[in-house]
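S.K.: Have a look at this fold, sequence not included:
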């Protein structure tokens, strides 16, 4: 029986509507990616243009934009601001995408919003991402946040988030990902991501890449935007990634060669986070020039408390220690290069890899990075975009990677854990969705539940 218009859908019904009745690139791929902002502007008009009612920081980039967004949010919270945080994708719960001071949007807020506007949505026919962003901006406006950190979904120029007029734009780096949308070269991808640069809005570039620096400089000049390269202003020294199977990252931050912050602790243990820390600190310095007042102790505490304050997960996340189980959402060549280098440095008896990819990646560029001495457990995340495990095993075999095929990600992890020695390392990765499936199953299992071969 059809619900009356005034009767609010429950949370599961709301999620079913969002996931099953709307175009959703992240689950189903390129056919459902929309390359214009028309529907976004229609939604904003429908809602009274909530994106104009609060300040924003806009964060784009191939890798690191999620971590930088969360670190910035944590520092802003430490300062005492009421901070909105909009990110994607989620790992366990849809509501991870929309937070205020680390607290996820309430289920009833999601339900009320979707139920109320569903008749208009059915006319406008927006995508999943467009509705989710509209929900976030409406929520942030109603809750009167002081500032919101907004992560770009894909690209920049034509991303739905590119309707905001931010206090600061950030582009973390440029790598080869989503080439079927953004172009097949660093220059083409950079041009799309540079689309978030706005008139008279400063822009921070996380990593100086010589082949695209001129493009960014020209774009900034066109918009009268001051441009800052984080790695030219700040450097890290004495980086220490240590502890029980990597449980701490500590570093000294230098500004133009002079000590700026000593022994900064970051709870995100991936070595690639060093780049994100530098980008975040550069962003804070530019905000300070714009009138925001931060102390070094607030920056230090904000970075140190990022997981606690924002709920960030899936970045070199250690799920267990005997054996060591590590999950990381890195899924393209640039991101996985860092992850594989760090993985190889961990002492272990054997390395076991739970591997699942999506079907629109350049398999060769990714698979060539994985070590051929590891034992592989090939699987497919439960999404239409997932690459069938049998196909993955065949592609991996071309690179000397061998192992068995499993019907699900959780089945693969169960097999790996049952075969593992206590001194083994089990790595879960290849795609965001592979990691998400493990986290959803709450496989942070108690030591007493683990099956280990000694």
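M.R.: Nice, thanks for sending it over. These numbers come from a predicted model, not from an experiment.
S.K.: Now do the contacts for the residue positioned nearest the centre of the chain.
M.R.: For the chain, the residue whose C-alpha lies nearest the mean C-alpha position (C-alpha atoms, centre = their mean) is residue 66; its distance is 3.6 Å. Under the criterion of C-beta atoms under 8 Å, 6 or more residues apart in numbering, the contact partners of residue 66 comprise 87, 151, 312, 315. C-beta coordinates here come from the backbone N, C-alpha and C atoms, glycine included.
S.K.: show me the contacts for the spatially closest residue to residue 346 that is not a sequence neighbour.
M.R.: Nearest non-adjacent residue to residue 346, counting by C-beta to C-beta, 6 or more residues apart in numbering: residue 425, 5.5 Å away. Residue 425 makes contact with 245, 323, 324, 325, 326, 343, 346, 348, 350, 351, 352 under the criterion C-beta under 8 Å, 6+ apart.
S.K.: Buried subset of these as a ChimeraX selection?
M.R.: To isolate the buried subset of these in ChimeraX, counting by 16 or more other C-beta atoms under 10 Å, use the following:
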select :245,323,324,325,326,343,348,351,352
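S.K.: Return the subset of the contacts of residue 425 lying in helices.
M.R.: residue 343 (DSSP state H).
S.K.: Go through the contacts of residue 425 and flag which are in strands.
M.R.: For the contacts of residue 425, membership in strands holds for 324, 325, 326, 351, 352, with DSSP state E as the criterion.
S.K.: ok so, going back, look up how far residue 258 lies from the residue nearest to residue 346.
M.R.: Spatial separation of residue 425 from residue 258 under the definition C-beta to C-beta, to the nearest Å is 38 Å.
S.K.: one step back: format the contacts of residue 66 as TSV; extra columns: secondary structure, neighbour count and distance to residue 185.
M.R.: TSV is the format used below for the contacts of residue 66 (DSSP: H, G, I helix; E, B strand; the rest coil; neighbours: other C-beta atoms under 10 Å; distance: C-beta to C-beta, whole Å):
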residue	secondary structure	neighbour count	distance to residue 185
87	coil	24	27
151	strand	22	24
312	coil	24	31
315	coil	24	28
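S.K.: ok, the closest residue to residue 157 other than its chain neighbours - contacts?
M.R.: Setting aside the residues directly before and after it, residue 157 is nearest to residue 195 in space (C-beta to C-beta, 6+ apart), at 2.5 Å. The contact partners of residue 195, by C-beta under 8 Å, 6+ apart, come to 155, 156, 157, 158, 159, 162.
S.K.: Where does pLDDT dip in the stretch 151-300 of the chain?
M.R.: Of all residues in the stretch 151-300 of the chain, those with pLDDT under 70 make up the ranges 176-184, 242-248.
S.K.: quick check, nearest of the ones in strands among the contacts of residue 425 to residue 136?
M.R.: For residue 136, the closest of the ones in strands among the contacts of residue 425 turns out to be residue 326, at 30.4 Å, with distances computed as C-beta to C-beta.
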